[in-house]
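Need the 3D shape of this:
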Amino acid sequence: MASIGFIGLGRMGHGMAGRYLDAGFDVAVWNRSKAKADALLARGARWANSPADAAFGADAIVTMVADD
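Predicted coordinates for the structure are as follows:
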């Protein structure tokens, strides 16, 4: 299955990343605060230590951030 790098786990990003996990994708997640990723990590997501780490080797990258 394809791999997704997901950056930004706010209200919308958390739900979207969860949908990718539900669909069977390999998901690497990064957020400024790791605690927001805990539920996704428990469901099988991989924690990325940086946005670059989340993007490394990903087939697609999703950013869901508040501003640029």
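
Quick one: distance of stretch 54-67 to the chain centre.
The chain centroid and the centroid of stretch 54-67 are separated by 7 Å, computed with CA atoms, centre = their mean, to the nearest Å.

Can you get me the start-to-end distance on it?
Distance between the two ends of stretch 54-67: 19 Å, counting by CA to CA, to the nearest Å.

longest helix anywhere in this structure?
In the chain, ranked by residue count with DSSP state H as the criterion, the top helix is helix 11-22.

which residues sit against it?
Residues lying outside helix 11-22 but in contact with it, judged by CB atoms under 8 Å, 6 or more residues apart in numbering, are 4, 6-7, 9, 27, 29, 31, 36, 39-40, 43-45, 62, 64-65. Just so you know, the C-beta spots here come from the backbone N, C-alpha and C atoms, and that holds for glycine as well.

Next: stretch 25-35.
Contact with stretch 25-35 is made by 1-10, 13, 17, 20-21, 37, 40-41, 44-51, 53-54, 58, as judged by CB under 8 Å, 6+ apart.

Please type out the ChimeraX selection for whichever of the residues you listed turn out to be buried.
The ChimeraX selection below is limited to those of the contacts of stretch 25-35 classed as buried (16 or more other CB atoms under 10 Å):
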select :3,4,5,6,7,8,9,13,17,20,21,37,40,45,46,48,51,54,58
